[in-house]
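[1] dropping the sequence and predicted coords here.
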Amino acid sequence: MRSIFSNPIFELVVAGIVIAALASGSMYICANLFEEFYLLALKKGDTALVERIQLQMVFGAVFNLVVVYFLHKLYSALFLSGARLNGMSVNREPIIRSALNKVMFGSCIFGMASVLSVFTLKFWR
C-alpha cells in the first residue's frame, strides 16, 4: 500500500503551500521593516512619503509574485526531470504538467492574496 507522502499530487500541493508561505512571510517581514517609517511619515503628515512607501510595497508585492512564479517553474522542471529519471511514461507527462500548472496557479493566487492582505492590514488603516 502506498503512503500518502509518496503520492506525487501530495508533493505538488505541499510544494505549492510552502512556496506561497515563503512569499507571504517575506512580504510580512518587508511590511514590518517599512512600518516604522510609514507611521513616522503619517504622524508628520508627509503624504508624498506615505504614498512612496505604499508604492514601494506594491512593487515589492509584484516582485514577490515574479519570484513565486519562477520558483514554481524551477520546481516544475526538477519534478518532471525526476519523474523521467524514475521511469515515468511519456503518455503521463501532459497530465503531470497540467497538475503542476494548476498547483502553480493556485499557489500564486493564494500567495498574492495573502501578500495583499498583509499589505492592506499594515498600511491602509
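    Received it, and whenever you're ready, just let me know what you need.

[2] check contacts around Asp46.
    Not one residue lies near Asp46 by C-beta atoms under 8 Å, 6 or more residues apart in numbering. The way it works is simple: take the backbone N, C-alpha and C, and place the C-beta from them, glycine included.

[3] look up how far Gln54 lies from it.
    Distance, Asp46 to Gln54, by C-beta to C-beta, to the nearest Å: 12 Å.

[4] cool, Phe119 as well?
    For Phe119 relative to Gln54 (C-beta to C-beta), the value is 9 Å.

[5] neighbour-wise, which of these two wins?
    A side-by-side neighbour count of Phe119 and Gln54, using other C-beta atoms under 10 Å, places Phe119 first with 20 against 15.

[6] show the pLDDT at Ala83.
    Predicted confidence (pLDDT) for Ala83: 78.

[7] grab the longest helix from the chain for me.
    Under DSSP state H, the helix in the chain containing the largest number of residues is helix 47-85.

[8] ok, and for the very next helix or strand once past it, which residues are buried?
    Per DSSP states H and E, the first helix or strand lying C-terminal to helix 47-85 is helix 93-123. Neighbour-count burial for helix 93-123 flags 96, 99-100, 103-104, 107-108, 110-112, 114-116, 118-119, 122-123 (criterion: 16 or more other C-beta atoms under 10 Å).

[9] next: stretch 18-33.
    Under 16+ other C-beta under 10 Å, the buried positions of stretch 18-33 are 19-20, 23-24, 26-28, 30-31.

[10] which residues sit against that stretch?
    Under the contact criterion C-beta under 8 Å, 6+ apart, stretch 18-33 has outside partners 57, 60-61, 64-65, 67-68, 71-72, 75, 107-108, 110-112, 114-115, 118-119, 122-123.

[11] which residue packs closest to Leu65, ignoring adjacent ones?
    Using C-beta to C-beta, 6 or more residues apart in numbering and skipping the chain neighbours, the partner closest in space to Leu65 is Met112 (5.5 Å).
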